[in-house]
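*Asks:* Below is the sequence, then the predicted model.
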Amino acid sequence: MVTKLINSNKLKWGVVGLGRFTEKTFLPSIQHLRKSKVISVCSHNLNRAKSIATNFGIPNFFDNYDEFLKTDLDAVYIASKNSDHYEQAIKAAQAGKHIFCEKPLALNSKQAEEMVTTAEKNNVLFAVNYVHNFHPLTIKAKELINTLKLGKIVSVQANFNIHFPPDNNFRFVKEKSGGGALRDLGTHTLNLLRYLGGEISDIEGFIDNIVYQSEVEDFASAIVKFQNGGYGYFNVSYNTKKAFNRLEIICHRGSIEIDNLIGRKIIGTKLSIIIDGEAKKSFRKGGNKMLFALKSVQDSFIKNQKPLVSGYDGLVNMKLMEELERKCQLKMK
């Protein structure tokens, strides 16, 4: 595929969706990259767009997405509510802009598939913000698995539990979010399981409201079977005030544990590895996961290379979540 070439020494970004994450995490992070610059922002609220543009020194602001796309952008970061991702990604691809989209990719796999194919047809690159995959210690864990020193994978476990009681956030409106803890947090853990354990052939589990009642679930848990053998586990929730959100990889000859990766922001992450016949080893790496992700995506767009985490990954994860939801609905009948 011949992709859109970047014609300057800086990647010119547009940002649509100016919620708290964009303001507090994305925009402060991208300012650390010499090869990236945000030149336009877009919100349904023009006053919000103007305020963000003023605070971050961004020259252009819009409340009309079509006009926003007409500015001289190389790439668009889509951080709007889930129900807006589909239309915004389609239009960005048709306008020839590379795409960095928040997860989950869309409301359903039909939308997600069209987003991916439209990007391919228009020769633009499509990345998804599964931010944990970009951390150097997650990549280190993948490298350790690939060396085969740990032996065959037995299981991979990822937990992502936070306290997020129902409020007026779009995530609690099913029409806008598609679902609760599974769509919001489970999509991260599924992507980590696939990255570390390989593609998934089957998924079984439960979705429930254990503490909080709303339109969407506050808990989801599943076991998956990897195509190449071994199993994965995850549990995610909105109802937990204190939790150990560890990532564990158990193999025939040894194991890996990563602490302070999932659900933590700028804090030191620790990877520990034990191998039969060897002393325990530990690796530590601090830093901003969003910055790691942006650096990787920036470089892939500038070099016209497939992103580490692509739109295809978002599509596969959407199909797996839909399969789990379908099976859980059948259990309830």
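*Replies:* Nice, I can see it. Given the structure is predicted, the values throughout are model-derived calculations rather than measurements.

*Asks:* make it CA atoms for all contacts and neighbour counts henceforth
*Replies:* Will do.

*Asks:* any idea how far Lys327 is from the residue of the chain most remote from its centre?
*Replies:* For the chain, the largest distance from the centre (CA atoms, centre = their mean) belongs to Gly277, which lies 36.6 Å off. Distance of Gly277 to Lys327, computed by CA to CA, to the nearest Å: 43 Å.

*Asks:* and if you look at Ile145?
*Replies:* Taken as CA to CA, the span from Ile145 to Lys327 is 31 Å.

*Asks:* Pick out whichever of those two has more residues nearby.
*Replies:* Ile145 (20 against 16; other CA atoms under 10 Å).

*Asks:* Double-check that the more buried one belongs to a strand.
*Replies:* No. Counting by DSSP: H, G, I helix; E, B strand; the rest coil, Ile145 is not part of a strand but helix.

*Asks:* which residues touch it?
*Replies:* By CA atoms under 8 Å, 6 or more residues apart in numbering, the residues touching Ile145 are 151, 196.

*Asks:* How about the one 4 residues further on?
*Replies:* In this structure, Lys149 makes contact with 253, 275, judged by CA under 8 Å, 6+ apart.

*Asks:* Check the secondary structure at it for me.
*Replies:* Assignment for Lys149 (three-state DSSP): coil.

*Asks:* how near is it to Leu196?
*Replies:* In terms of CA to CA, Lys149 sits 15 Å off from Leu196.

*Asks:* Then Asn129?
*Replies:* Asn129 is 17 Å from Leu196, by CA to CA.

*Asks:* neighbour count winner among these two?
*Replies:* Shown here are Asn129 and Leu196; by other CA under 10 Å, Asn129 has more neighbours (25 against 20).

*Asks:* In this structure that one contacts Phe100, no?
*Replies:* Yes. With contacts counted by CA atoms under 8 Å, Asn129 reaches Phe100, the gap being 6.8 Å.

*Asks:* Give me the residues contacting the top helix by length along the chain.
*Replies:* Criterion DSSP state H: the longest helix present in the chain is helix 311-332. With CA under 8 Å, 6+ apart as the test, helix 311-332 has contacts from 103-106, 108-109, 112-113, 115-116, 126-128, 182-183, 187, 190-191, 203-207, 222.

*Asks:* can you pull out the helices in the stretch 51-200 of the chain?
*Replies:* With DSSP state H, counting those that start in this stretch, the ranges of helices along the stretch 51-200 of the chain come out as 65-69, 82-94, 109-121, 136-146, 174-177, 181, 187-197.

*Asks:* how many neighbours does Ile300 have?
*Replies:* Careful, residue 300 is Ser and not Ile. If we define neighbours as other CA under 10 Å, then Ser300 has 17 of them.

*Asks:* what's the answer for Glu67, then?
*Replies:* 11.

*Asks:* again, but for Gly179
*Replies:* With other CA under 10 Å as criterion, Gly179 counts 22.

*Asks:* gap between Asn47 and Phe61?
*Replies:* In terms of CA to CA, Asn47 sits 9 Å off from Phe61.

*Asks:* Now stretch 133-147: buried residues?
*Replies:* By neighbour count with 16 or more other CA atoms under 10 Å, stretch 133-147 contains the buried residues 133-138, 141, 145.

*Asks:* now that stretch: mean pLDDT?
*Replies:* On average, the pLDDT along stretch 133-147 is 96.

*Asks:* Output that stretch as PDB, restricted to C-alpha atoms.
*Replies:* Extracted in PDB, the C-alpha atoms of stretch 133-147 (Å, rounded to 0.1, in the frame of the first residue of the first chain):
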ATOM      1  CA  ASN A 133       1.000  -1.800  24.300                       C
ATOM      2  CA  PHE A 134       3.400   1.000  23.700                       C
ATOM      3  CA  HIS A 135       5.100   0.900  27.100                       C
ATOM      4  CA  PRO A 136       8.800  -0.300  26.800                       C
ATOM      5  CA  LEU A 137       8.300  -3.000  29.400                       C
ATOM      6  CA  THR A 138       5.200  -4.400  27.600                       C
ATOM      7  CA  ILE A 139       7.400  -4.500  24.500                       C
ATOM      8  CA  LYS A 140      10.200  -6.100  26.600                       C
ATOM      9  CA  ALA A 141       7.800  -8.800  27.800                       C
ATOM     10  CA  LYS A 142       6.900  -9.600  24.200                       C
ATOM     11  CA  GLU A 143      10.600  -9.900  23.300                       C
ATOM     12  CA  LEU A 144      11.200 -12.200  26.200                       C
ATOM     13  CA  ILE A 145       8.300 -14.400  25.100                       C
ATOM     14  CA  ASN A 146       9.600 -14.500  21.600                       C
ATOM     15  CA  THR A 147      13.000 -15.700  22.700                       C
END
